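Take a look and give me a structure for this.
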Amino acid sequence: MSTLCLKEKLQALQCHFTWNFEIRDKVDAAHLLQTLALRIAHTYYQNQPTLLAMKAYLYHLHGQYEDALQSLREAEEILQRDHPDNFPQQVLVIYGNYAWIYYHLDHYDLVELYLDKVRKICSSLKSRSPYAAQIPEIHAQKGWSLLAAGFRNGIEATECFQMALREDEANGEFLGGLAIAVFASWCHSQEFEFLKAAENKLVAILREQQQNYAAKVYLAEILKESDRQQAEALLEDVVQNSLDPEVLRHAAKFFERECVEKKISILERAISLNPNYHLLHYDLGYCYKIQLWGAKSSRREEILAAAIKSFKKAVQKDPASVFSRLALAEMYGENTPHYQEEIYLNLMSKMPSLSKKCQQAVYLHWGDFLFYKQKSVWEAAKVYKAGLAISDNYPERKKLKRRLEEVAGEFQKSSQTSEAEAIHDFIQQNESPWYMGRSTGGNNRAGDWRCRENAGSFPFRGRTTTSF
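Below you'll find the model as predicted:
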């Protein structure tokens, strides 16, 4: 069989290689591998094989094919153990991933072997397509994978779980997935219809799944303003009983500013459960940063040292974390600005390899250093403009626009009118792609709400026709 024919058959498969996750620019694959490991270890549902298959896809992005194959072997073993009654339906995605990985390894005989396995299962299911089947198991696996890739995928994941429930309306896993997907849709869009639907579905899920601590954190987030007492009761249960460091990290976010000490204690417990997860150290450092803002002079050095220590640990645990490095640089800037500058210059040298979100963040921080500390208005303007020229609408982009407006003001003060006008023209020219995206329901998705280094305000979305 020709490689072209093989590729056509591979494109027809339903698996992680044919589902579009927008990972390369939107999310760091290494970060996802960390969070997936936590999900696999602590998931409330029997969806570990799906997450392991997603892990295999991420390994492929890093060229780690043996690790990818091992992840698929683990997934297959779990499916045989946990899903003996519908193993063929459950394993289709795994076989699809096998086929794609062997294709990348040029093992075409094994590609044909797994394509044949898929074809036989699809034939037994009387599917119209020889290499795809529209069945609940596939829809749910795609839904879980979309959520694992980022809550910005909430609307698409909602549709997946809705399709799965059409044929299995009482399935607890599908209902749980739908509740989380609707919550994710609200997080990303902030639309009221998603808020009420998510609240109702999470309440219903928790009646049946009282140890679903992730669902309790999500419901608490919804109830934060309307029923603070109930929200805190849910979180107290989570903090006392959950062993999932990621769930505890989300619980800690509830106390972001109101009670920093409470947040610190929750994060310290999460770190005791998993000291290698860099975002726990990052969030702990951020707590100390908040404390630093209002600290008395007698405590500033102590708090600053604690913040630097935490951000250093975050970098140590994940050297590729750009936001941890930026946070560490900012803390160094309190006393040793030459350390701060060194970090920025190092990141600027790596700019081509960074995601667009990270690039915008680096331009913003480096520009701020030039503008506010070195008073290099012209150099800062160049850096801010480079960041704003990246059209993707991350929270950093709004700040870059504000900084350029400040720079224009400085030029105006010094009677450099033409320079000020040039900056305003530049801002206007670089706003148009974003506004066009807004008016057409464009795909300018913000980062994942679940972690600070992928977090931000939620972009405008047009009204949807999704029903609940």
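
State the distance from the nearest residue to Lys356 once chain neighbours are set aside to Leu33.
Closest residue in space to Lys356, ignoring its immediate chain neighbours: Asp392 at 4.7 Å, by CB to CB, 6 or more residues apart in numbering. Heads up, the C-betas are built off the backbone N, CA and C, glycines and all. Applying CB to CB, to the nearest Å, the value for Asp392 to Leu33 is 23 Å.

same thing with Asp116?
Taking CB to CB, one finds Asp116 at 31 Å from Leu33.

Same check on Asn276?
Counting by CB to CB, the gap from Asn276 to Leu33 is 12 Å.

same check, this time on Trp378
41 Å.

sorry, back to before: and Asp116 and Leu33? which has more neighbours close in?
Leu33 (17 against 12; other CB atoms under 10 Å).

Would you agree that one is in contact with Tyr57?
No - using CB atoms under 8 Å, Leu33 makes no contact with Tyr57, being 10.4 Å away.

Pro130 against Ser123, yeah?
Yes - counting by CB under 8 Å, a contact exists between Pro130 and Ser123, whose distance comes to 7.1 Å.

Could you list the low-pLDDT ranges of the stretch 251-400 of the chain?
257-258 (pLDDT under 70).

can you do 90?
Along the stretch 251-400 of the chain, the parts satisfying pLDDT under 90 run over 254-259, 293-297, 320, 353-357, 391-395.

repeat for the stretch 101-250 of the chain
150, 152, 187-193, 225.

just the helices in it please.
Taking DSSP state H, counting those that start in this stretch as the criterion, the stretch 101-250 of the chain carries its helices at 108-124, 136-149, 154-167, 172-189, 192-208, 213-223, 228-241, 245-253.

Relative to Ile343, which of those helices is closest?
helix 245-253 (24.5 Å; CB to CB).

can you list the residues that contact that closest one?
35, 38-39, 42, 213-214, 217, 220-221, 235, 238-239, 242, 262-263, 266-267, 269-271, 273-274, 277, 279-280, 283, 450 (CB atoms under 8 Å, 6 or more residues apart in numbering).

Show me which of those are buried.
35, 38-39, 42, 213-214, 217, 220-221, 235, 238-239, 242, 262-263, 266-267, 269-271, 273-274, 277, 279-280, 283, 450 (16 or more other CB atoms under 10 Å).

Could you chop this protein up by domain?
Using automatic domain parsing, the domain parsing of the chain gives 3-149, 349-435.

will you turn these into CSV that also has distance to Leu195?
Below are the domains of the chain laid out as CSV (distance: least, CB to CB, whole Å):
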stretch, distance to Leu195
domain 3-149, 18
domain 349-435, 21
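
The ones you listed: which one's closest to Phe194?
domain 3-149 (14.3 Å).

Can you report how many residues lie near Ile135?
The number of residues packed near Ile135 is 23, by other CB under 10 Å.

quick one, what contacts the closest residue to it other than its chain neighbours?
Of all residues not flanking Ile135 in the chain, Gln89 sits nearest, at 5.4 Å (CB to CB, 6+ apart). Contact partners of Gln89, counting by CB under 8 Å, 6+ apart, are 121, 125, 133, 135, 137-138.

go on, His42?
His42 makes contact with 243-244, 246-247, according to CB under 8 Å, 6+ apart.

Just want the phi and psi numbers for it.
phi -120, psi 0 (degrees, to the nearest 10).

Report the separation between it and Leu234.
Taking CB to CB as the measure, His42 and Leu234 are separated by 18 Å.
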